[in-house]
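In: Need a 3D model of the following:
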Amino acid sequence: MSSHLVSVEASGPLAEWLEPSLADTAGRDPLGLNTITLDRVLPDLIPAILQISERARYFSIYPWMLWQFKERRLAATATELDRFIRRREYELCLAMKLCPHCEVASAIGSKNAGPRVTAGDDPFDRGLSVQTAMGGFGLYYRSPLQALGAVAPAGTPLGPDQAPTPIEVLAQGGLALELAEAFHSSIEGTEYYRSYERSTDPIPRQVMEELAEQICLCRLPYKPIERDAIRRLMFEPRSEQGAEECDARRQAFALFLSQVEAHEEVAFEDGEFWRSLINRFNAHPNDDSVRGRTSAAWAALAMKECAQDALCSIWTDFCRSGVAEQGLDGMAAEELRAMIERLATAPQIEFGGTALEVTPTGSARELQDRAVAAAQELDWEDLRVWAAASDSAVAGLVALLVFAARMPDPDAVHPLWREIAVRHSHHQDGLFGLLSLLRQFLDEDLSVGALLARTIQRFLIGPHEAIAYSKLPEATFRFYWEETGRFRFFTPGTGGLDRFQPSDDRRGPMASLSEDLGFWIFDEEADEVALTEDGRVFVAGVFG
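Out: Predicted structure coming up:
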């Protein structure tokens with residue numbers, strides 16, 4: 001017997017753990033709705049402003065870093081520039097975290113620098129801001145700075161011989177250098193810059209506290225030369241080619257500020273921003289002034305976001321119910337239809353002060369009529385909030401039915417509304433397509449259950465399967481039809497059954513950037529928001 005035994009001690013383990021071939025993740029845009037906003041709409045409505053590029057002073061800090069890098073004649077390699085940027089991001093963040101005037105939001109490097117400040121380190125050891133190459137510059141601000149003409153991307157032909165630059169550099173022209181020099185005027189007199197910025201020595205806490213007074217993000221309103229240079233970067237075109245984009249950016253900010261002046265909650269809440277945009281458009285649907293045209297385009301986006309949240313309620317109820325009700329081998333087609341019938345049932349649903357009874361066999365058209373009557377005192381945002389809070393398929397469908405009834409006739413309003421409303425992605429309809437198809441379904445005299453089934457197939461199952469297949473080997477499927485003809489639900493990644501997030505509508509960056517640039521202020525004692533004189537002048541200059 002022993003002669004047949006084979007020793008395996010020297011050959012190592014018989015098997016090793018292997019990495020899975022599929023990366024399981026919940027996905028950020030499972031229905032392809034957010035991409036309509038991010039890729040099809042916002043680049044035209046507010047060019048060069050990203051959701052993650054929130055603080056105005058970084059639009060001068062990074063030109064300063066690139067300028068300093070060039071002035072020191074360091075090796076023009078991505079590796080060298082990366083370390084130069086991330087080290088200074090970390091050190092500036094340490095100072096910002098010590099600022100006595102604010103709680104510094106959106107400082108690059110907070111996760112690494114913040115704990116060192118909280119722990120009471122003195123002196124501070126050197127470190128890097130984040131793990132990602134090029135730090136916050138690469139992640140958040142490089143693209144906007146390039147789009148705004150302040151930074152030349154790697155590969156740009158420069159100099160007399162037009163040789164391509166191997167790294168990002170300041171763009172040629174006066175404003176980029178002016179931005180860098182304006183920030184330099186704040187930092188050059190500090191002990192940090194004179195004694196520590198070029199060294200590797202630990203930095204005393206007192207030195208960083210002094211630095212905070214000069215370079216914190218919140219200090220920009222008190223640096224008028226630097227602030228005005230950033231204003232020109234964002235709101236004055238560098239060329240005829242960039243004039244159209246600059247106009248769109250100016251109009252977006254002016255619209256935001258005008259809505260803040262009328263409704264101060266707009267400064268802090270996306271929903272209030274959407275409410276104000278839609279209500280303003282509904283009051284002046286054919287206004288052909290600059291403000292009217294801008295309002296029409298942005299109102300279409302706001303309506304799309306409201307309809308998207310209603311569809312999200314159908315999505316979450318469908319996915320959660322499927323996971324809870326399916327067997328080990330998923331669902332047969334008949335079981336799936338039966339589940340959707342149950343989702344279309346609500347003995348009593350509180351809506352607009354009325355108790356709506358919803359049955360799957362009831363008339364969808366009759367349900368729409370009852371819902372529209374009950375929602376007379378509710379605007380688009382009220383409906384969105386109600387549908388999201390209810391988080392049920394019935395609530396989502398009821399809200400969509402009201403939205404379909406309220407959608408403007410595109411021939412009776414400003415044409416810019418339709419131009420934005422019809423925009424769609426490869427896999428998903430936009431606002432106009434979604435609500436127009438709902439109207440067509442209603443014309444077929446469907447039951448509520450049949451309408452919900454049609455809505456789920458058209459706007460959930462079809463788009464999601466196409467999107468999930470396109471993202472392989474990332475496994476983002478929440479469900480799919482198997483070759484056996486059975487329908488299987490999944491819960492991929494963390495939060496796989498949660499609501500997907502609304503699109504980034506740029507309200508947040510417009511709020512923080514315009515506040516940094518001195519266009520509005522928040523009086524904490526009075527708990528009031530007010531446009532500054534500069535803010536009112538800016539709005540008047542755009543809208544007249």
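In: tell me which residues of stretch 111-123 are tucked away?
Out: 112, 113, 114, 116, 117, 121 (16 or more other CB atoms under 10 Å). Every C-beta, even on glycine, is put in place using the N, C-alpha and C of the backbone.
In: taking those residues one by one, which sit in helices?
Out: 112, 113, 114, 116, 117 (DSSP state H).
In: what is the mean pLDDT for stretch 391-411?
Out: The pLDDT scores in stretch 391-411 average 97.
In: Same question for stretch 218-236.
Out: Mean predicted confidence for stretch 218-236 is 97.
In: Likewise for stretch 270-278?
Out: Rounded mean pLDDT across stretch 270-278 is 97.
In: Send over that stretch as CSV, restricted to the C-alpha atoms.
Out: The C-alpha trace of stretch 270-278 is given here as CSV (Å, rounded to 0.1, in the frame of the first residue of the first chain):
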residue,chain,number,x,y,z
ASP,A,270,-31.4,69.8,-4.9
GLY,A,271,-35.1,69.3,-4.6
GLU,A,272,-35.8,72.9,-3.9
PHE,A,273,-33.6,73.8,-6.9
TRP,A,274,-35.7,71.5,-9.1
ARG,A,275,-39.0,72.9,-7.6
SER,A,276,-38.0,76.5,-8.3
LEU,A,277,-36.9,75.7,-11.9
ILE,A,278,-40.1,73.9,-12.8
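In: what residues does it touch?
Out: 255-256, 259, 262-263, 265-266, 295, 298-299, 301-303, 305-306, 379-381, 384-385, 502, 505, 507-508 (CB atoms under 8 Å, 6 or more residues apart in numbering).
In: one more time with 6 Å
Out: 259, 263, 265, 266, 298, 299, 302, 305, 380, 381, 505, 507 (CB atoms under 6 Å, 6 or more residues apart in numbering).
In: Ok, stretch 240-247 next?
Out: 47, 237.
In: circling back to that earlier point, any of the contacts of stretch 270-278 buried? List them.
Out: Buried, going by 16+ other CB under 10 Å: 259, 263, 266, 298, 299, 302, 305, 380, 381, 505, 507, out of the contacts of stretch 270-278.
In: Over to the fourth one. Which of the three states is it?
Out: Meaning residue 298. Three-state call for residue 298 (DSSP: H, G, I helix; E, B strand; the rest coil): helix.
In: Tell me the spacing between it and residue 259.
Out: To residue 259, residue 298 is 9 Å away according to CB to CB, to the nearest Å.
In: Tell me if residue 61 really is in a helix.
Out: Yes: looking at residue 61 with three-state DSSP, it is inside a helix.
In: Give me the number of neighbouring residues for it.
Out: Residue 61 has 26 neighbouring residues, counting by other CB atoms under 10 Å.
In: helix/strand/coil for the closest residue to it other than its chain neighbours?
Out: Spatial nearest neighbour of residue 61, chain neighbours left out: residue 183 (5.8 Å); criterion: CB to CB, 6 or more residues apart in numbering. With three-state DSSP as the basis, residue 183 sits in helix.
In: of all the buried ones among the contacts of stretch 270-278, which two lie farthest apart?
Out: 263 and 305 (16.9 Å; CB to CB).
In: that older thread, of all the ones in helices among the buried residues of stretch 111-123, which comes closest to residue 155?
Out: residue 112 (30.5 Å).
In: How much space separates the closest one from residue 65?
Out: Between residue 112 and residue 65 the distance is 18 Å, computed by CB to CB.
In: I'd like the contacts of stretch 270-278 as TSV, with distance to residue 367 and pLDDT appended.
Out: Output for the contacts of stretch 270-278, formatted as TSV (distance: CB to CB, whole Å; pLDDT from 0 to 100):
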residue	distance to residue 367	pLDDT
259	34	98
263	32	96
265	32	97
266	33	97
298	31	98
299	26	98
302	25	98
305	24	96
380	19	98
381	22	98
505	30	90
507	33	96
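In: now, which of the residues you listed lie within helices?
Out: 259, 298, 299, 302, 305, 380, 381, 507.
In: Looking at those residues, which is nearest residue 462?
Out: Closest approach to residue 462 among the ones in helices among the contacts of stretch 270-278 (CB to CB): residue 305, at 21.6 Å.
In: Let me see the contact set for that closest one.
Out: Contacts of residue 305 (CB under 6 Å, 6+ apart): 274, 502.
In: Then residue 443?
Out: Per CB under 6 Å, 6+ apart, neighbours of residue 443: none.
In: hang on, the earlier thing: quick check, the residue nearest to residue 61 in contact with residue 63.
Out: No: assessed by CB atoms under 6 Å, residue 183 is found out of contact with residue 63, at 7.4 Å.
In: follow-up on the earlier one: looking at the buried ones among the contacts of stretch 270-278, which one is closest to residue 484?
Out: residue 305 (38.2 Å).
In: roughly how far apart are the closest one and residue 299?
Out: Distance, residue 305 to residue 299, using CB to CB: 11 Å.
In: in the stretch 1-150 of the chain, which spans are strands?
Out: 23-24 (DSSP state E, counting those that start in this stretch).
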